[in-house]
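**Q** give the three-dimensional model of this entry:
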Amino acid sequence: MRNRPRKPAGTRRRHEGAREKGSILATSAIGMLSILLAVGLGIDISRFYLIKTELQNAADAAALAAVSSLNGNGPGITGAVDRAVTVMNSYNFNKTGVQFTRDNVRFAVNLNDQNYMSESAAFGAPTNIRFVKVTTPASPVGVSFASLILGNSKNLSATATAGLSVPVNVICPWLPAFILDIEATPITSGKTYTFRLEPGEHVSPGNYQLLAPVQSGGSGDREGMANGVNWCISTGEVIKTKPGVTSGAVRQGINSRFDKYVAGMNPALSPPDKNIAEGITKDDYDKKGLQGAPFKPPSHPGEEGRRVVIMPIAKAAPGEGRDTIVVDRFGVFFLQTSVGGGSGSELKAEYIKDTAFAGNSYFDPGAGASNSNLAVPVLYK
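**A** Now for the predicted structure:
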């Protein structure tokens with residue numbers, strides 16, 4: 001057998017080097033492509049997480065807004081859906097062509113109910129409804145870099161469930177006035193009760209049912225009547241009384257809730273109610289202008305529920321001059337009218353048993369008795 005002539009050593013090295021260079025280039029190209037895909041995948045996934053978070057925030061806000069309208073009656077169900085839709089659409093997800101409908105808001109009596117009911121079903125049996133579930137519509141999110149792996153788009157959605165808290169027993173804010181519960185004529189839902197007597201009609205010399213909660217931080221009569229006293233108290237609390245009718249401050253504070261502003265009152269800090277029609281009952285108010293119910297919108301941006309206030313109820317009248325009352329319990333009241341001019345006539349509010357929300361209230365096992373119709377909105381899941 002004849003031996004093949006061997007190539008010179010230099011030629012062999014050149015050929016081997018060329019093969020190595022080609023292999024390195026191929027490996028590098030594959031590596032770079034993998035890195036680019038990984039980076040693109042990371043960017044797309046990060047966008048998904050960001051948009052998912054925004055959707056979840058929108059769902060959370062809509063569910064909490066919806067719960068704050070629940071009050072045990074049909075119009076409260078309608079209001080809950082209205083609020084949820086308004087909040088959700090404020091996030092502008094509907095610009096993608098996905099519409100948030102009323103059917104995306106569902107209701108339940110118990111948190112773990114298997115089937116949450118529709119708006120119409122809840123409207124027909126609203127008394128015990130305590131929970132609202134909001135589901136955002138599927139929002140398509142385009143894939144920018146990793147479409148080969150993830151496809152051209154992904155649909156994202158979020159669900160949030162909010163509801164009423166357990167009844168609270170530490171209450172704030174509350175109006176710095178008290179209702180006197182006379183044993184012979186117990187307080188009854190739907191009737192009106194005095195929270196500031198007119199001059200000459202005091203419950204004791206100098207006392208006209210106004211309070212001076214020094215622990216509130218000196219917010220003042222006007223601020224207290226406009227926004228409530230943010231000193232959290234419970235039943236059995238002792239509160240100082242404030243002698244005199246204090247007509248000007250009481251009028252200025254209460255009337256901000258009716259879109260009447262004087263003495264430097266600021267509608268941004270003390271907004272009016274969304275319905276400032278006067279001389280109406282809570283039942284008329286809950287109808288939100290439907291069924292021919294009186295309705296008058298404010299000129300400034302309004303806030304629902306500003307005419308619903310919480311006041312301490314006392315069983316015994318204070319003594320003469322500066323004295324104290326003991327809080328027996330708390331009542332929820334509806335302001336039917338604003339306060340007129342002059343020294344002020346008797347001021348009354350309608351006692352209601354609807355569930356009301358006391359902004360910073362909470363439950364403390366060591367505090368006094370809880371109020372079954374006072375709660376705060378809670379995000380459960």
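
**Q** from what I can see residue 225 touches residue 250, true?
**A** Yes - counting by C-beta atoms under 8 Å, residue 225 does reach residue 250; the two are 5.5 Å apart. (Each C-beta comes from the backbone N, C-alpha and C, glycine too.)

**Q** among those two, which residue is more densely surrounded?
**A** Taking neighbours as other C-beta atoms under 10 Å, residue 225 and residue 250 compare with residue 225 leading, 29 against 24.

**Q** show me the shaky parts of the chain.
**A** 1-45, 47-48, 92-98, 140-153, 215-219, 343-344 (pLDDT under 70).

**Q** quick check: domain ranges of it?
**A** As assigned by automatic domain parsing, the chain contains the domains 13-164, 179-375.

**Q** can you say which of those domains is nearest to residue 171?
**A** Nearest to residue 171, of all these, is domain 179-375, at 4.9 Å by C-beta to C-beta.

**Q** now do the closest one: distance to the chain's middle.
**A** 21 Å (C-alpha atoms, centre = their mean, to the nearest Å).

**Q** which stretches in the stretch 51-200 of the chain count as strands?
**A** Taking DSSP state E, counting those that start in this stretch as the test, the strands found in the stretch 51-200 of the chain are 105-108, 131-135, 139-142, 153-156, 159-164, 179-180, 192-196.

**Q** can you list these in TSV and add mean neighbour count and distance to residue 52?
**A** Listed next are those as TSV, based on neighbours: other C-beta atoms under 10 Å; distance: least, C-beta to C-beta, whole Å:
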stretch	mean neighbour count	distance to residue 52
strand 105-108	24	20
strand 131-135	25	14
strand 139-142	16	9
strand 153-156	14	5
strand 159-164	22	12
strand 179-180	21	49
strand 192-196	21	48
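
**Q** grab the nearest non-local neighbour of residue 208.
**A** Using C-beta to C-beta, 6 or more residues apart in numbering and skipping residues adjacent in sequence, the residue nearest residue 208 is residue 197, 4.3 Å away.

**Q** what's near enough to touch that neighbour?
**A** Taking C-beta atoms under 8 Å, 6 or more residues apart in numbering as the contact definition, residue 197 lies against 203, 208-209, 245, 346.

**Q** buried members of those into PyMOL, please.
**A** Provided next is the PyMOL selection string for whichever of these are buried by 16 or more other C-beta atoms under 10 Å:
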select buried, resi 203+208+209+245
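
**Q** now, among the contacts of residue 197, which is nearest to residue 361?
**A** Checking the contacts of residue 197 against residue 361 by C-beta to C-beta gives residue 209 as the nearest, at 22.3 Å.

**Q** would you agree that closest one falls within a strand?
**A** Yes - according to DSSP: H, G, I helix; E, B strand; the rest coil, residue 209 belongs to a strand.

**Q** on that earlier part again, could the strands of the stretch 51-200 of the chain go into JSON lines alongside distance to residue 317?
**A** Formatted as JSON lines, these follow (distance: least, C-beta to C-beta, whole Å):
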{"stretch": "strand 105-108", "distance to residue 317": "44"}
{"stretch": "strand 131-135", "distance to residue 317": "42"}
{"stretch": "strand 139-142", "distance to residue 317": "60"}
{"stretch": "strand 153-156", "distance to residue 317": "61"}
{"stretch": "strand 159-164", "distance to residue 317": "34"}
{"stretch": "strand 179-180", "distance to residue 317": "6"}
{"stretch": "strand 192-196", "distance to residue 317": "12"}
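
**Q** and residue 80, which of the ones you listed is closest to it?
**A** Nearest to residue 80 among the strands of the stretch 51-200 of the chain is strand 131-135 (5.9 Å), distances taken as C-beta to C-beta.

**Q** so how far is the closest one from its chain's centroid?
**A** Taking C-alpha atoms, centre = their mean, one finds the center of strand 131-135 at 14 Å from the center of the full chain.

**Q** strands of the stretch 251-381 of the chain, residue ranges please.
**A** Under DSSP E, counting those that start in this stretch, the stretch 251-381 of the chain gives strands at 308-314, 324-334, 347-352, 356-357, 374-375, 377-379.

**Q** please identify which of these is closest to residue 188.
**A** Distance to residue 188, taken as C-beta to C-beta, is lowest for strand 347-352 among the strands of the stretch 251-381 of the chain, at 6.8 Å.

**Q** and the angle for that closest one with strand 324-334?
**A** 70 degrees (axes from the mean of the first three to the mean of the last three C-alpha atoms, to 10 degrees).

**Q** got the angle for strand 347-352 vs strand 207-211?
**A** 60 degrees.

**Q** quick one: strands adjacent to strand 347-352?
**A** Applying DSSP bridges, strand 347-352 is found paired with strand 192-196 (antiparallel), strand 324-334 (antiparallel).

**Q** okay, those strands in CSV with distance to residue 59 next?
**A** Output for the strands paired with strand 347-352, formatted as CSV (distance: least, C-beta to C-beta, whole Å):
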stretch, distance to residue 59
strand 192-196, 39
strand 324-334, 29
